[in-house]
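Student: have a look; sequence and predicted model below, questions after that.
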2 protein chains.
Amino acid sequence: MLMGVAERKERHKEDLKREILDAAKSLFAEKGLEATSIRAIAEKIEYSPATIYLYYKDKNEIVHALHSEGFKLLVSHFEVLNHISHPFERLKGMGRAYIQFALQNPDIYKLIFNMEEPLKHVANCFEEWDEGDRAFDILLKTVGECQRLNYFNGFDAQQISFVIWSTMHGLCTLRTTGHLSHVAAAKANEQDIDQLMTSIFETFIIVLERLKS
Amino acid sequence: MLMGVAERKERHKEDLKREILDAAKSLFAEKGLEATSIRAIAEKIEYSPATIYLYYKDKNEIVHALHSEGFKLLVSHFEVLNHISHPFERLKGMGRAYIQFALQNPDIYKLIFNMEEPLKHVANCFEEWDEGDRAFDILLKTVGECQRLNYFNGFDAQQISFVIWSTMHGLCTLRTTGHLSHVAAAKANEQDIDQLMTSIFETFIIVLERLKS
DNA sequence: GAAAATTATGAACAGTGTTTAGTATATCGT
DNA sequence: ACGATATACTAAACACTGTTCATAATTTTC
């Protein structure tokens, strides 16, 4: 077999993996995770269901591929903010990026955070969540830099980082599951739900700012 | 038909509903939500799968019954704290109760919060989430009382309530999905995960206390 | 005890993820 | 160019799932 041919086939193979992933992503976004069948993905890319299994071991592997991709996207959103020199301003930017990511990719967000990962594969887990750890490290580092400017005085950087992550994650989760909208509606708060979310975020920022001594 | 007989049958019917619910709850806790089949529930109570459908319309109705029960349990955990006169102490108690509830009933917790409710039934939704709204109202009221003691000065009670809910919910969700453990492990923080969670909670309490003017 | 109403079920339907045996297709050495 | 070989693909089946429905068993009523 010629060298070039092998490459072309390899490329084609990668292309099909991408096609599968894209089809899966769009169907997940449209119908949800559980409601999307392998057969539906296969039909979308005009292949037999069995073909999917030549490119991905199972449905979980597809989910994890999207998981990994989603995380890299989130981290890339963070890295854009590196140019902001003031760490607290950067922290604010990260919060906004986090919210934006959750709102723009609600299904990927749920995929990443709201699902207990299949405990099985250990090796994979490490690889996947390296991204997660990196994201947390960026947060931790930023909080540390803030402390040198007298933010979060007297607090442990890691603890504060966990609190911040919890708050942002909780807010996004309540939003994407619809619970925020529900309670807001019950409180006759008819304003735009995203505006409510933004104002909650801003309140949180003010809370954090008050921790500056 | 005698009057007493009708009552007895009605009681039996209620008993079987309970049996189904208990079987479902234990199986959900053991195997998870999606992994538990109607057939498995039926086998556990030693009835035919079809029988389940004489007592519950669908699997969703079973889930919602547990949902409703779980919420009432949470609210009851809150109401025990009514005797605490100092509102901020009561708020702390609520936080602890919330965490305890999430840790002791992780599957019910996920059921309530981490699932987008089937959008279908409107009437049901209202009933179910009355409990949710009540829980939020209790929080809101407590925050309001705190403000009269100069806590959260200059903040809107509703906004602060949402921030508090977000933080607690985020913390519990990160815990029950295993993400907290993962990142903590990566940070070589080998201490007990529940202890970590408690200390994050305490840090959050200190943050809130700093908002007292 | 017979009739009527209630309660329980076996079997089936349409769907799921996944495996396998077998078929096309493309590449290879000659 | 052709037969052999390796690759890519798929139809069919398996063991599940939630759910329905006609039928059977049981209980209650008269």
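Tutor: In hand now; what should we look at? Numbering: from 1, shown residues only, chains lettered A, B, ... in the order given.
Student: how about the helix or strand A:H77 falls within, does it reach DNA strand C?
Tutor: Per DSSP states H and E, A:H77 falls inside helix A:59-79. Yes. Judged by C-beta under 7 Å from any atom of the strand, helix A:59-79 comes into contact with DNA strand C at A:K59, A:N60. In short, each C-beta sits where N, CA and C put it, glycine included.
Student: what do you get for stretch A:105-118?
Tutor: No. Applying C-beta under 7 Å from any atom of the strand, one finds stretch A:105-118 out of contact with DNA strand C, separated by at least 9.8 Å.
Student: is A:S199 in contact with B:I160, as I believe?
Tutor: No. Assessed by C-beta atoms under 8 Å, A:S199 is found out of contact with B:I160, at 11.6 Å.
Student: quick one: A:P106 and DNA strand C, what's the gap?
Tutor: According to C-beta to the nearest atom of the strand, to the nearest Å, A:P106 stands 20 Å off from DNA strand C.
Student: what's the neighbour count on that residue?
Tutor: 16 (other C-beta atoms under 10 Å in any protein chain shown).
Student: show me what contacts the residue lying closest to it once chain neighbours are set aside?
Tutor: Among residues not flanking A:P106 along the chain, A:T176 sits closest, at 4.5 Å (C-beta to C-beta, 6 or more residues apart in numbering or on different chains). Residues in contact with A:T176 (C-beta atoms under 8 Å, 6 or more residues apart in numbering or on different chains) are A:A102, A:L103, A:P106, A:Y109, A:K110, A:N114, B:E116.
Student: give me the element A:T176 is part of.
Tutor: Using DSSP H and E, A:T176 maps to helix A:157-177.
Student: how is chain A divided into domains?
Tutor: Domain assignment for chain A by automatic domain parsing gives A:1-56, A:63-209.
Student: which one of these is the most hemmed in?
Tutor: Sort the domains of chain A by mean neighbour count, taking mean count of other C-beta atoms under 10 Å in any protein chain shown, and domain A:63-209 sits at the top with a mean of 18.
Student: what is the end-to-end distance of it?
Tutor: One end of domain A:63-209 sits 38 Å from the other (C-alpha to C-alpha, to the nearest Å).
Student: now that domain, how far from the centre of its chain.
Tutor: 8 Å (C-alpha atoms, centre = their mean, to the nearest Å).
Student: need the contact list for the nearest residue to A:V163 once chain neighbours are set aside.
Tutor: Nearest in space to A:V163, with sequence neighbours left out and distances taken as C-beta to C-beta, 6+ apart, is B:F204 at 5.1 Å. B:F204 is in contact with A:V163, A:S166, B:G95, B:T167, B:L171, counting by C-beta under 8 Å, 6+ apart.
Student: B:F204: helix or strand, and which one exactly?
Tutor: helix B:193-209.
Student: that helix vs helix A:157-177, what angle?
Tutor: If you take axes from the mean of the first three to the mean of the last three C-alpha atoms, to 10 degrees, helix B:193-209 sits at 90 degrees to helix A:157-177.
Student: most centrally placed residue in chain A?
Tutor: A:Y109 (4.4 Å; C-alpha atoms, centre = their mean).
Student: show the model's pLDDT score for that one.
Tutor: Predicted confidence (pLDDT) at A:Y109: the value is 86.
Student: hmm, it is touching A:A102, no?
Tutor: Yes. Applying C-beta under 8 Å, one finds A:Y109 in contact with A:A102, separated by 4.5 Å.
Student: intersection of neighbour lists for those two?
Tutor: Common contacts of A:Y109 and A:A102 (C-beta under 8 Å, 6+ apart): A:C172, A:T176.
Student: just the contacts of A:T176: which are in helices?
Tutor: A:A102, A:L103, A:P106, A:Y109, A:K110 (DSSP state H).
Student: enumerate every residue touching the first one.
Tutor: Counting by C-beta under 8 Å, 6+ apart, A:A102 makes contact with A:Y109, A:C172, A:R175, A:T176.
Student: nearest to DNA strand D, of those residues?
Tutor: Comparing those against DNA strand D with C-beta to the nearest atom of the strand places A:T176 closest, at 23.8 Å.
Student: roughly how far apart are the closest one and A:H64?
Tutor: Using C-beta to C-beta, to the nearest Å, A:T176 is found at 20 Å from A:H64.
Student: now do A:L74
Tutor: Distance of A:L74 to A:H64, computed by C-beta to C-beta: 15 Å.
Student: what's the answer for A:L27, then?
Tutor: Note on A:L27: its distance to A:H64, by C-beta to C-beta, is 16 Å.
Student: next: A:S26.
Tutor: Remark: distance between A:S26 and A:H64 (C-beta to C-beta) = 18 Å.
Student: SS state for the closest residue in space to A:I193 that isn't next to it in sequence?
Tutor: In this structure, A:I193 finds its nearest non-sequential neighbour in A:S181, 5.0 Å apart by C-beta to C-beta, 6+ apart. With DSSP: H, G, I helix; E, B strand; the rest coil as the basis, A:S181 sits in helix.
Student: give me the pLDDT value at A:D130.
Tutor: pLDDT, A:D130: 69.
Student: equivalent analysis for A:E46, please.
Tutor: At A:E46, the pLDDT recorded in the model is 95.
Student: secondary structure class of it, three-state.
Tutor: Under three-state DSSP, A:E46 falls in the coil class.
Student: got the phi and psi for it?
Tutor: phi 60, psi 50 (degrees, to the nearest 10).
Student: that one and A:E19, how far apart?
Tutor: As judged by C-beta to C-beta, A:E46 and A:E19 stand 9 Å apart.
Student: wait, A:I200 touches B:W165, no?
Tutor: No. Counting by C-beta under 8 Å, A:I200 does not reach B:W165; the two are 9.4 Å apart.
Student: give me the below-cutoff pLDDT ranges for chain A.
Tutor: A:1-11, A:13, A:115-130, A:188-190 (pLDDT under 70).
Student: let's see that with 50 instead.
Tutor: Within chain A, the stretches with pLDDT under 50 are A:1-5, A:118-123.
Student: coming back round to it: how close does the residue nearest to A:I193 get to A:A102?
Tutor: A:S181 sits 14 Å away from A:A102, taking C-beta to C-beta as the criterion.
Student: cool, A:S48 as well?
Tutor: Taking C-beta to C-beta as the measure, A:S48 falls 35 Å from A:A102.
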